[in-house]
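1. following is a predicted model, sequence given first.
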Amino acid sequence: MSFLDDLLKKAGKALKKSLSDSISGAAKDAVTNKSYPYAFAKLPENLTELMALPGSDLKDPYAVAAFTIAALDLFPKNKDASIEMLNYIKGPRPLVPMDISFIKDRFMDGVDYVPRSYFEGTSPQNDYTPSVPYTVNVLELAHSRDQISEGYLKLFLRSSGADSERYLVLRHKPSTDQWFLWSFEGVMSGIRIPVSKDDWA
């Protein structure tokens, strides 16, 4: 066997292994990517109503993610109640003035639809009007626990006004086995504007 034949044979084996690993990785992702729907019969309008919901003990991270969306959605209608809910969800690390300013900025100029876009049934065409029950699908992807430090969990949500998933990060408190909201900026990024507000639609 010539040197060139040997080289081609080795390259072929390497390519075959690479393809096999890629297929195996894709299959693993398909198996480990999971969706956890959380349905609200009625969206909570204050902390008392949130505390009456399943998962309000904050031991279910997927419920915490859904509560975050509900609390942010409330902000344009009742800022104080929204902040109280978010502070409960954030636990030992409540909102600071910079966080509140960030949320206010996201809702400027009548942009109140970003959190709503995470509910099922919404679209730019129907002005992000959710179907009832108000359902948020929380996604745990294959790499949700790998990309950040131990004790943190990155969860993803699909906005009907964006082409890719948005994420938030939770942090686990071992002494109480609770999950608290750590960062939420990712779910407040801009999305497509509703058709009713689009001069070019």
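-> Perfect, thanks for sending it.
2. please count neighbours and contacts with C-alpha atoms only from this point.
-> Will do.
3. can you give me the strands for the chain?
-> Read by DSSP state E, the chain holds these strands, from start to end of the chain: 34-40, 134-140, 152-157, 166-173, 178-183.
4. how about those strands, which one is nearest Asp57?
-> strand 178-183 (7.4 Å; Cα to Cα).
5. can you list the strands that that closest one pairs with?
-> For strand 178-183, the pairing partners within the sheet under DSSP bridges are strand 166-173 (antiparallel).
6. and the angle from the partner strand to strand 134-140?
-> For strand 166-173 against strand 134-140, the angle by axes from the mean of the first three to the mean of the last three Cα atoms, to 10 degrees is 70 degrees.
7. what residues sit buried inside strand 166-173?
-> Neighbour counts over strand 166-173 (16 or more other Cα atoms under 10 Å) mark Arg166, Tyr167, Leu168, Val169, Leu170, Arg171, His172 as buried.
8. ditto for stretch 91-104
-> By neighbour count with 16+ other Cα under 10 Å, stretch 91-104 contains the buried residues Gly91, Pro94, Leu95, Ile103.
9. on that earlier part again, check the buried residues of strand 166-173 and tell me the two furthest apart.
-> By the measure Cα to Cα, these have their two most distant members at Arg166 and His172, which lie 20.2 Å apart.
10. next up, the contacts around the nearest residue to Trp182 once chain neighbours are set aside.
-> Using Cα to Cα, 6 or more residues apart in numbering and skipping the chain neighbours, the partner closest in space to Trp182 is Leu170 (4.9 Å). Taking Cα atoms under 8 Å, 6 or more residues apart in numbering as the contact definition, Leu170 lies against Pro61, Tyr152, Leu153, Lys154, Leu155, Trp179, Phe180, Leu181, Trp182, Ser183.
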